[in-house]
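Asks: sequence and predicted model, in that order:
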2 protein chains.
Amino acid sequence: MGKISDSFKEQLREKGYKLTVQRQAVLDVISEHEGEHMSSEEIYENVKKTYPDIGLATVYRTLILLNQLGLIYKIDFDDGRSRYELNREKEDHRHHHLICTECGLVEEVEEDLLESLENQIFENKGFIVKDHKVKFYGICKKCGESMKSEK
Amino acid sequence: MGKISDSFKEQLREKGYKLTVQRQAVLDVISEHEGEHMSSEEIYENVKKTYPDIGLATVYRTLILLNQLGLIYKIDFDDGRSRYELNREKEDHRHHHLICTECGLVEEVEEDLLESLENQIFENKGFIVKDHKVKFYGICKKCGESMKSEK
DNA sequence: ATTCATGCAAATCGTTTGCAACCCA
DNA sequence: TGGGTTGCAAACGATTTGCATGAAT
């Protein structure tokens, strides 16, 4: 709770925003559910456990704010709702997501390996890459195995 | 018009779907606007020029169908609406998109270069990659230059 | 005290769906 | 003919917004 809250506090002050219980609570919930890719609604439901009076609109507004501050990332798994995950600052690059088209499982890949592509993009197009979003679609290990054994 | 229509016709017949003027018209519009990443609404407006009676719902239904058949790709540029582009079958791999965070320009990169990453993903996770969606965010050439000259 | 943030409900907006009329195969 | 298709309008669901109240600095 310590480190995140402190830099959060600073960042808010810097931009003239206020530190409210609600904003803390939302950030806390996302922190406590690392790797879960929660939707706005799920975050809302979870925050209500410790802060029952929070409104859904506040959650939405807070998510926009946290995303702007770079504390969280918005991700989209094509299911019609936005999901969020904590920005783990230890990582120098963003991780990628593997989405199984059979069972819907979402895994993460820590390897980045996009540096040479990004350099090439700069050489060829003069485009300076600052960030990327990468999704791989395919068959996860489990589904691949059960497909094999079914034959 | 020839090649696309023919394989389109075949694919529809194969799955028991019918070839209608509306479906043709939607596919034609997308074909005639390569590289434009049109939204459903934009496609609808364009189709109306040659087929004024078409309904928006039909366009939506057709886009879903064409996407399922693999004739078009759905892309998402985080502006709250889905966009579509023709699947250029000549390419053995899908291209990537560069999105300028300054001016909103969307460029394409033909280079793929994800094969080694995809192989590594299979080695490490047993996940078989079938497809990917890759977006790079950053500063396009023009914006980079005008930022430099402003200093 | 001032300014920003909240909660509520209503409004938005892209997309989907039910249904009767319609048209391709 | 008959089942897939269409157009229309209504329904949906996620997200946004207006506004009066409440809280943080």
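Replies: Everything's here; your move.
Asks: where is the longest strand in chain A?
Replies: strand A:128-139 (DSSP state E).
Asks: can you point out the buried residues in it?
Replies: Within strand A:128-139, the residues scored as buried using 16 or more other CB atoms under 10 Å in any protein chain shown are A:128-129, A:132-139. No exception for glycine: its C-beta is placed from N, CA and C like everyone else's.
Asks: need those in JSON lines (columns: distance to DNA strand D and pLDDT).
Replies: Output for the buried residues of strand A:128-139, formatted as JSON lines (distance: CB to the nearest atom of the strand, whole Å; pLDDT from 0 to 100):
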{"residue": "A:128", "distance to DNA strand D": "27", "pLDDT": "97"}
{"residue": "A:129", "distance to DNA strand D": "25", "pLDDT": "96"}
{"residue": "A:132", "distance to DNA strand D": "21", "pLDDT": "94"}
{"residue": "A:133", "distance to DNA strand D": "15", "pLDDT": "95"}
{"residue": "A:134", "distance to DNA strand D": "20", "pLDDT": "96"}
{"residue": "A:135", "distance to DNA strand D": "17", "pLDDT": "96"}
{"residue": "A:136", "distance to DNA strand D": "22", "pLDDT": "96"}
{"residue": "A:137", "distance to DNA strand D": "20", "pLDDT": "95"}
{"residue": "A:138", "distance to DNA strand D": "25", "pLDDT": "96"}
{"residue": "A:139", "distance to DNA strand D": "27", "pLDDT": "97"}
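Asks: closest to residue A:103 out of those?
Replies: Closest approach between these and residue A:103, by CB to CB: residue A:139, at 9.1 Å.
Asks: tell me what the closest one is bridged to.
Replies: Beta-bridge pairing for residue A:139 (DSSP bridges): residue B:128.
Asks: show me what contacts it?
Replies: Residues counted as contacts of residue A:139 (CB atoms under 8 Å, 6 or more residues apart in numbering or on different chains) are A:100-102, A:147, B:127-128, B:130.
Asks: what about burial for those, which qualify?
Replies: Of those, these count as buried by 16+ other CB under 10 Å: A:100, B:127-128.
Asks: dump those residues to JSON lines, plus distance to residue B:117.
Replies: What follows is these, written out as JSON lines (distance: CB to CB, whole Å):
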{"residue": "A:100", "distance to residue B:117": "17"}
{"residue": "B:127", "distance to residue B:117": "12"}
{"residue": "B:128", "distance to residue B:117": "13"}
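Asks: switch the contacts of residue A:139 over to TSV; also include distance to DNA strand C.
Replies: As requested, the contacts of residue A:139 are exported to TSV (distance: CB to the nearest atom of the strand, whole Å):
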residue	distance to DNA strand C
A:100	21
A:101	17
A:102	20
A:147	27
B:127	27
B:128	27
B:130	22
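Asks: show me which residues of chain A are close to chain B?
Replies: Neighbours of chain B within chain A, by CB under 8 Å from any CB of the partner chain: A:74, A:76, A:78, A:98, A:100-101, A:107, A:109, A:111, A:113-114, A:116-118, A:120-121, A:124-141, A:144.
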